[in-house]
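J.: Sequence and predicted structure below; questions after.
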Amino acid sequence: MVALFRRTTEPTRRTERISPVWRACTFVDRGFVRLVGRIEVTGSIPPDLRNQPGLIAANHIGMFDPFVLTAALREAGVNPRFLLTGGLLDTPVIGWGLKHGGSIRVDRGKSNVAEAFERVTTALQSASGPVLVYPEGRVSREPGLWPERGKTGAARIALAAKVPVLTISQWGAHEAVYWGTEKVTSWRDFLPLLMSWLRAIRDRPTFKVHFGPVVDLSDLSPATPGDAVRAHKRIMEAITERLVPLRPEEPDTPNFQDPTRPTDSYSPWRPKPPR
């Protein structure tokens, strides 16, 4: 019988005091993920980085993967917290729980960008553990679900805050629920999501999550032109490199096809086919 969670690392002692509200949320999340499929967690987060400021950069493959990553981080002994847009943190239920978890707010489109950047950097430096961020900024719309080009925001924050950056490569969560639609006009827009979720409960896909090593950014500086781009490239290449072995039988396109997900982007990080 296959275990719902395959532990490949030793259990760790959690020393951080976690809000009871957020602890309850992550407990519910774990059960929710186990209802839909199985998680395989490989790699580990170094013990000395579990309770200090840092960034964990992950590829974004579906609407369900934040739930999977929350469960995987708790399994790895880390309090799941996110670098999120203000809109998500303002939602009545989910946002309330995320605030209790110590997630950091990022307001896009504000007039004073420098002030907002400074506020995020300061909040990250004072965080009691690493914070998860999606460098792509959205669910990948690349036909093969390889990471999109992304933006340098996470890299610039890491360099300015002088915090380590670990990576997560993940695969399988895109099979849990369809991408859906950008604009909801009626209850019928939810039907594809509901039907795909019920199908996932029946088929029980495997959610693979791999914790990679720390990305070496020690030779880069926030004050040096071009270093944020170089840091971003290293982060994305590290994510992609460890994504390859998670999908050995799907090197080009996913076996699972989501008819609702746009495929109008491309990935500069996509591995080149062997000659």
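T.: Received it, and whenever you're ready, just let me know what you need. Because the structure is a prediction, the values reported are computed rather than measured. Numbers count the residues shown, from 1 in each chain.
J.: Which stretches in the stretch 101-250 of the chain count as helices?
T.: 113-125, 153-161, 191-203, 227-243 (DSSP state H, counting those that start in this stretch).
J.: among these, which is nearest E142?
T.: Set against E142 and scored by C-beta to C-beta, the helices of the stretch 101-250 of the chain come closest in helix 227-243, at 11.1 Å. Bear in mind the C-beta positions are built from the backbone N, C-alpha and C, glycine included.
J.: buried residues in the closest one?
T.: Using 16 or more other C-beta atoms under 10 Å as the test for burial, helix 227-243 gives 227-228, 230-236, 238-240, 242-243.
J.: With stretch 33-44 instead?
T.: V33, V36, G37, R38, I39, E40, V41, T42, G43, S44.
J.: what about that stretch, start to end distance?
T.: The separation between the terminal residues of stretch 33-44, taken as C-alpha to C-alpha, to the nearest Å, is 20 Å.
J.: Number the chain from 768, please
T.: Sounds good: first residue 768 from here, last item stretch 800-811.
J.: re the thing from before, in CSV, list the helices of the stretch 868-1017 of the chain along with mean pLDDT and distance to R1028.
T.: Output for the helices of the stretch 868-1017 of the chain, formatted as CSV (pLDDT from 0 to 100; distance: least, C-beta to C-beta, whole Å):
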stretch, mean pLDDT, distance to R1028
helix 880-892, 81, 29
helix 920-928, 94, 23
helix 958-970, 95, 11
helix 994-1010, 98, 17
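J.: can you list those helices in a markdown table and add distance to G911?
T.: Listed next are the helices of the stretch 868-1017 of the chain as a markdown table, based on distance: least, C-beta to C-beta, whole Å:
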| stretch | distance to G911 |
| --- | --- |
| helix 880-892 | 31 |
| helix 920-928 | 22 |
| helix 958-970 | 20 |
| helix 994-1010 | 11 |
